[in-house]
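Peer 1: here you go, sequence then predicted model.
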Amino acid sequence: MFLKILGVSAPRVRQLTAFLIFGFIAAYFCCAAAPAQAADVYVGPVPITVGESDDSRGTVEIDMSGVSEDDEEMFPDARPSQDTPRRERPRVQAPRILSVSVEGNSEVVTEHVLSVITSRVDSPLDQNRLARDADAIFEQGFYSNVDYRITDEMDGVNVIFIVTENPIISGIHFFGNTIYSDEALRGLCFTEPGVIFNRAFFRNDLQRIREKYQQDGYVMARVSDVRIDGTEVNVYITEPVLGDIIIQGNRRTKTYVIQRQLRLKEGDLFNASRLRYSLSKLQGLGYFSDVSVGLEPGESPDVIDLVLTVAEAKTGRVGISVGYGTSSGFSGGLSYNDTNFRGRGERLGIGFDLGNREQYWVTLDQPYMDQRTFAWRVGVYQRNWADLKYYEDGDYLFEYDEERLGGYLGLGRRFSERSKLSWFLTNEWQKIDLIVHDEAYTLTPEQEQRLESGTNFTVTGRLTRDNIDEYSEFPKGDVESIFVEKGLEALGGDWDYWKYWIEARYYTPLDFLTRMFERNFSVDDIPPLFAVRAIAGDSSGCLPWAANYTIGGDSTLRGYEDKRYRGDQMFLANAEVRLPINRSASLVFFYDWGMAWDTRMGEKFSFGDLAEGYGLGVRFRTPLGNLRFDFANGNDESRVHFGFGEMF
């Protein structure tokens with residue numbers, strides 16, 4: 001038992017014992033003064049002759065280089081005379097192996113046991129080789145102990161390997177596992193009840209269990225112990241939990257704003273994937289210039305404390321915009337935005353634009369939502385859009401101005417903490433004035449009715465399923481939304497109608513480009529992306545001109561002027577290939593299809609009527625935000641569109 005604890009196998013002990021016996025006998029013959037016969041020492045069956053010479057005396061060489069002449073007189077026979085000839089020692093012939101067999105195996109066939117040895121019948125006996133063979137048999141994993149025995153015969157020796165087999169497994173049990181069930185963990189093991197326990201095979205089983213934990217983010221989970229009690233295998237697993245979460249470095253940002261972005265809570269099992277996602281979310285907020293994390297031992301070995309350190313960044317920005325449109329002319333504006341207003345994660349926006357698209361606005365919103373936290377937004381605005389063009393049957397008839405004064409209030413949240421579904425409800429009030437300033441054109445009664453001014457009060461509900469990959473650094477997945485808008489006369493509105501539309505977006509990396517061109521197109525782990533959006537809408541009731549669906553412009557159908565097509569039905573599709581160039585720029589190839597139909601004018605939904613726009617865009621990341629330039633070709637003309645961020 002002591003040798004097993006030391007990790008020394010029986011064959012290695014036998015070698016060590018033979019070496020010590022040989023050393024003691026050699027020392028004895030070297031020091032003896034009287035003549036003696038040559039001695040044969042047997043370690044096992046192997047005879048080793050020590051110092052045999054023709055005169056039957058042991059001959060030993062002693063280094064006398066450090067002995068003086070006076071000292072040499074004390075050892076007159078210690079060094080042989082220079083005239084005494086040296087005599088060679090005869091070589092000992094190792095006995096021949098007659099047979100190799102195995103004892104103790106009942107489950108493992110003898111052929112498998114002997115398949116790993118190098119000692120062969122008719123080969124000379126080699127103790128070192130036998131020890132290595134015993135180790136090789138032991139490494140097969142089926143045995144708790146391996147030894148060997150040598151028996152003498154007249155013309156050689158027999159070698160017998162003695163094995164002690166492991167027990168037949170009757171069950172595998174797991175303790176400490178909470179993430180995966182016993183059945184799930186047993187499914188990762190090739191070792192099953194009813195077979196002999198194999199130490200090497202079971203090590204691979206444990207490795208698969210560790211890899212399963214690591215793949216799912218539980219990188220600090222470990223197999224702490226394995227015990228074999230009779231025929232039962234008991235596996236003990238330690239799953240570290242998160243102790244204290246210490247947040248430091250935030251002076252302006254409220255601690256709860258940081259905590260609600262963490263997918264890990266105190267007492268949760270530590271998960272590296274969730275931690276990486278949390279850090280990515282914090283970085284993406286734009287509140288911090290740096291986010292770092294440290295792990296410290298907790299109050300017990302299975303507890304880990306997390307220390308999160310942030311360095312706050314400036315979140316208030318002043319924006320200056322300059323634009324030009326072939327129909328709207330030059331425009332410019334000034335805005336101020338704070339994405340972390342009051343340190344509470346709220347977004348404040350104040351600004352104005354001048355020109356033919358004159359507008360003023362003040363907005364405040366809190367975008368974060370979960371099962372307990374409501375997202376909300378509130379805002380007021382005024383828009384004075386001049387020289388809008390009126391079309392019928394694709395023909396331009398006259399120009400008009402549109403003035404709107406409005407405000408809105410919205411509220412929403414997720415259905416549950418981890419749910420992909422959320423809802424949002426918005427109430428909006430608008431006072432709308434439509435002014436035709438082309439005195440040379442006389443409106444028909446139908447046109448006057450369509451361009452009616454008034455007050456519009458609406459309630460809009462949105463149901464969203466967000467299936468975007470939370471742990472990806474780029475958009476990956478899909479988002480679907482259903483919108484229903486109700487115009488109410490009962491609450492001061494002039495129109496009563498229904499609008500309903502659906503929107504779907506999809507994003508996927510273009511991995512095939514790397515395989516096709518054998519080149520990595522990714523930049524900072526951001527690959528080329530394919531993005532597509534589709535919107536389809538319909539309505540019923542008395543839909544006012546100001547509430548019509550509109551198609552055309554930088555946010556819908558590129559290559560066309562703003563609100564080029566209007567109606568009570570619509571369809572829009574956008575497709576983009578986004579190619580990163582470097583950290584600050586990317587190229588976009590796009591194709592847009594869209595149209596709006598006015599059923600009151602006899603128009604009907606038809607894919608054959610879709611207008612098309614296509615072109616090339618560039619994106620720049622700047623301190624003022626992500627700038628977007630799109631060079632688009634429409635059916636009638638080419639246009640340059642300018643905006644902030646991606647179109648969708």
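Peer 2: That came in fine, so what should we check first?

Peer 1: strands of the stretch 401-550 of the chain, start to end?
Peer 2: With DSSP state E, counting those that start in this stretch as the criterion, the stretch 401-550 of the chain has strands at 421-436, 454-466, 477-487, 497-509, 529-541, 549-551.

Peer 1: deepest-packed of those, please.
Peer 2: Of all the strands of the stretch 401-550 of the chain, strand 549-551 has the most neighbours on average by mean count of other C-beta atoms under 10 Å, namely a mean of 23. Placement of C-beta: from N, CA and C, glycine included.

Peer 1: what about that one, average pLDDT?
Peer 2: If you average the pLDDT over strand 549-551, you get 95.

Peer 1: pairing partners for the following helix or strand past that strand, with directions?
Peer 2: Downstream of strand 549-551, the next assigned helix or strand under DSSP states H and E is strand 565-567. Strand pairing for strand 565-567, using DSSP bridges, gives strand 549-551 (antiparallel).

Peer 1: gap between the partner strand and the chain center?
Peer 2: Put simply, strand 549-551 sits 40 Å off its chain's centre (C-alpha atoms, centre = their mean, to the nearest Å).

Peer 1: with stretch 562-570 instead?
Peer 2: 43 Å.

Peer 1: show me what contacts F483?
Peer 2: Contacts of F483 were listed using C-beta atoms under 8 Å, 6 or more residues apart in numbering, and they are 460-462, 499-503.

Peer 1: for N198, see how far away it is.
Peer 2: Using C-beta to C-beta, to the nearest Å, F483 is found at 62 Å from N198.

Peer 1: check R274 too.
Peer 2: 36 Å.

Peer 1: hang on, the earlier thing: now for the strands of the stretch 401-550 of the chain, which one comes closest to V235?
Peer 2: V235 lies closest, by C-beta to C-beta, to one member of these: strand 477-487, at 36.7 Å.

Peer 1: that closest one pairs with which strands, and in what direction?
Peer 2: strand 454-466 (antiparallel), strand 497-509 (antiparallel).

Peer 1: can I get those in TSV including distance to A585 and mean pLDDT?
Peer 2: Output for these, formatted as TSV (distance: least, C-beta to C-beta, whole Å; pLDDT from 0 to 100):
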stretch	distance to A585	mean pLDDT
strand 454-466	28	96
strand 497-509	19	97
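
Peer 1: quick one: closest of those to D122.
Peer 2: Nearest of these (C-beta to C-beta): strand 497-509, 64.5 Å.

Peer 1: what's the angle from that closest one to strand 529-541?
Peer 2: Interaxial angle of strand 497-509 relative to strand 529-541 (axes from the mean of the first three to the mean of the last three C-alpha atoms, to 10 degrees): 170 degrees.

Peer 1: picking up where we left off before, redo the strands paired with strand 477-487 as a markdown table? Include distance to I117.
Peer 2: Formatted as a markdown table, the strands paired with strand 477-487 follow (distance: least, C-beta to C-beta, whole Å):
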| stretch | distance to I117 |
| --- | --- |
| strand 454-466 | 63 |
| strand 497-509 | 53 |
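
Peer 1: looking at the ones you listed, which is nearest to E139?
Peer 2: strand 497-509 (44.8 Å).

Peer 1: how about residues contacting that closest one?
Peer 2: So strand 497-509 is contacted by 468, 474-487, 527-544, 547, 549, 570, 648 (C-beta under 8 Å, 6+ apart).

Peer 1: if you set the cut-off to 7 Å instead, what comes out?
Peer 2: If you take C-beta atoms under 7 Å, 6 or more residues apart in numbering as the criterion, strand 497-509 is touched by 475-487, 527-543, 547, 648.

Peer 1: ok, stretch 299-313 next?
Peer 2: 220, 238, 240-253, 258, 270, 286-296, 298.

Peer 1: would you mind checking those residues for buried ones?
Peer 2: Buried by 16 or more other C-beta atoms under 10 Å: 220, 238, 240-243, 245, 247, 250, 253, 258, 270, 287-288, 291, 298, out of the contacts of stretch 299-313.

Peer 1: ok, so of those residues, who is nearest L405?
Peer 2: For the buried ones among the contacts of stretch 299-313, the minimum distance to L405 (C-beta to C-beta) is 33.5 Å, reached by Y287.

Peer 1: any idea which of the contacts of F483 is closest to Y381?
Peer 2: T460 (15.8 Å).

Peer 1: that closest one contacts F424, correct?
Peer 2: No. Counting by C-beta atoms under 7 Å, T460 does not reach F424; the two are 8.5 Å apart.

Peer 1: wasn't D122 part of a strand?
Peer 2: No. Under DSSP: H, G, I helix; E, B strand; the rest coil, D122 falls outside any strand and is assigned coil.

Peer 1: got the contact list for it?
Peer 2: Applying C-beta under 7 Å, 6+ apart, we find D122 in contact with 96-97.

Peer 1: reformat the strands of the stretch 401-550 of the chain as a markdown table; add distance to W376.
Peer 2: Output for the strands of the stretch 401-550 of the chain, formatted as a markdown table (distance: least, C-beta to C-beta, whole Å):
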| stretch | distance to W376 |
| --- | --- |
| strand 421-436 | 9 |
| strand 454-466 | 14 |
| strand 477-487 | 18 |
| strand 497-509 | 21 |
| strand 529-541 | 25 |
| strand 549-551 | 27 |
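
Peer 1: among the ones you listed, which comes closest to T231?
Peer 2: Of all those, it is strand 477-487 that lies closest to T231, at 48.7 Å by C-beta to C-beta.

Peer 1: compute the inter-axis angle for the closest one and strand 421-436.
Peer 2: Going by the same axes, to 10 degrees, strand 477-487 makes 50 degrees with strand 421-436.

Peer 1: got any ranges where the stretch 251-400 of the chain has weak pLDDT?
Peer 2: For the stretch 251-400 of the chain, the stretches with pLDDT under 70 are 323-330.

Peer 1: quick one: the strands in the stretch 251-400 of the chain?
Peer 2: Counting by DSSP E, counting those that start in this stretch, the stretch 251-400 of the chain has strands at residues 288-297, 303-312, 316-325, 329-341, 346-355, 357-366, 375-392, 395-414.

Peer 1: what residues does the fourth one touch?
Peer 2: What it means is strand 329-341. Strand 329-341 is contacted from outside by 253, 286-287, 315-324, 347-357, using C-beta under 7 Å, 6+ apart.

Peer 1: note down every partner strand of it and its orientation.
Peer 2: strand 316-325 (antiparallel), strand 346-355 (antiparallel).

Peer 1: would you map out the domains in this protein?
Peer 2: For the chain, the domain assignment from automatic domain parsing gives the residue ranges 2-165, 171-238, 241-312, 316-644.

Peer 1: mean pLDDT for those domains: which is lowest?
Peer 2: Lowest mean pLDDT of the domains of the chain: domain 2-165, a mean of 65.

Peer 1: hmm, back to that, take the strands paired with strand 329-341 and write them to a markdown table, including distance to L130 and mean neighbour count.
Peer 2: Converted to a markdown table, these look like this (distance: least, C-beta to C-beta, whole Å; neighbours: other C-beta atoms under 10 Å):
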| stretch | distance to L130 | mean neighbour count |
| --- | --- | --- |
| strand 316-325 | 80 | 13 |
| strand 346-355 | 79 | 16 |
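
Peer 1: F174: which of these is closest?
Peer 2: Of all the strands paired with strand 329-341, strand 346-355 comes closest under C-beta to C-beta, at 47.7 Å.

Peer 1: now that closest one, how far from the centre of its chain.
Peer 2: With C-alpha atoms, centre = their mean, you get 38 Å for strand 346-355.

Peer 1: ok, residues contacting that strand?
Peer 2: Strand 346-355 is contacted by residues 321, 328-339, 341, 359-367 when judged by C-beta under 7 Å, 6+ apart.

Peer 1: picking up where we left off before, in helices only, show me the contacts of stretch 299-313.
Peer 2: I258 (DSSP state H).

Peer 1: what subset of the contacts of strand 346-355 is buried?
Peer 2: Taking 16+ other C-beta under 10 Å as the criterion, what is buried in these is 321, 328, 331, 333, 335, 337-339, 341, 359-361, 363, 366.

Peer 1: can you put those in TSV and add distance to Y400?
Peer 2: As requested, the buried ones among the contacts of strand 346-355 are arranged in TSV below (distance: C-beta to C-beta, whole Å):
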residue	distance to Y400
S321	25
S328	14
S331	19
G333	23
S335	27
N337	32
D338	36
T339	37
F341	37
Q359	17
Y360	21
W361	22
T363	27
Q366	37
